[in-house]
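[1] What follows is a protein structure lacking sequence information:
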């Protein structure tokens, strides 16, 4: 006769609850999943499905009990999920940063649009670059890579007290800001260089022919030159996003104490 006690129930609940909590935290910070356009019920449903699939495959888990140990595990699972999603979010934000740099040089620094992901007003070019990066992220199966990383994270950071986030991982996430700045500048550099040449050419024209009103024609010239240069660098978007995904995985792995994810 099959029998089970309270310990078995708590263990079964734990094998489901800890993956559910980590997946829900990942969806709250990861690109695409964290968008306000994705309903909260859909995020909870996806986390529920993932938790059901992982409940029978986890090699090491902890029972769900009303104790201080369980409270610590709750915080650790949330932080681990947020760390994975935030690492990818930060590196992918380099696209919007590059668009912001280009927009300022084109004269679009004052023009803003409502970002459909965050519902905040952002510069036009930053919004374009950010949406292009998000579409490429989905096109390159970045969302599936994140789900694979979530599954692998239970081998790297098992559900056990003291096996979660560390101070070294926090420093790794903080240093990701430098990677964001570097990738954004490198992506925007070709367009900025072309716009700088256009500025120098207009300055030369203003010296040769002072009667030309640069204020009336300069904005249009810089806008069209910037648009043409942006179209020219569009083929660079795919390898750039691939590099950002790889960097996000590396940063997330270092944050969780692993070499890679």
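    That came through fine. A quick note: this is a predicted structure, and the numbers were derived from the prediction, not measured. Residues are numbered from 1 along each chain as shown.
[2] Show me what the lengthiest helix in the chain is packed up against.
    Counting by DSSP state H, the longest helix found in the chain is helix 167-208. Applying 3 or more C-beta pairs under 8 Å, 6 or more residues apart in numbering; DSSP states H and E, one finds that helix 167-208 contacts helix 68-92, helix 94-106, helix 214-232, helix 237-255. Backbone N, C-alpha and C define where each C-beta goes, glycine included.
[3] Of those, which stretch is the most buried?
    Of those, the one with the most neighbours on average (mean count of other C-beta atoms under 10 Å) is helix 94-106, at a mean of 25.
[4] now the angle from that one to helix 237-255?
    Calculated by axes from the mean of the first three to the mean of the last three C-alpha atoms, to 10 degrees, helix 94-106 forms an angle of 130 degrees with helix 237-255.
[5] how far out from the middle of the chain is helix 94-106?
    Relative to its chain's centre, helix 94-106 lies at 17 Å (C-alpha atoms, centre = their mean, to the nearest Å).
[6] For it, give the mean pLDDT please.
    For helix 94-106, mean pLDDT rounds to 83.
[7] So which residues make contact with it?
    Residues from elsewhere that reach helix 94-106 (C-beta atoms under 8 Å, 6 or more residues apart in numbering): 109, 111, 122-130, 132-133, 179-181, 183-185, 187-188, 191-192, 195-196, 222-223, 225-227, 230, 237, 240-241, 244.
[8] Buried ones among those residues?
    Those of the contacts of helix 94-106 that meet the buried threshold are 122-130, 132-133, 179-180, 183-184, 187-188, 191-192, 195, 222, 225-226, 230, 237, 240-241, 244, by 16 or more other C-beta atoms under 10 Å.
[9] give the contact list for residue 153.
    Residues near residue 153 by C-beta under 8 Å, 6+ apart: 22, 80, 84, 256, 261.
[10] quick one: contacts for residue 16?
    By C-beta under 8 Å, 6+ apart, the neighbours of residue 16 are 51, 52, 55.
[11] rerun that using 6 Å as the cut-off
    51, 55 (C-beta atoms under 6 Å, 6 or more residues apart in numbering).
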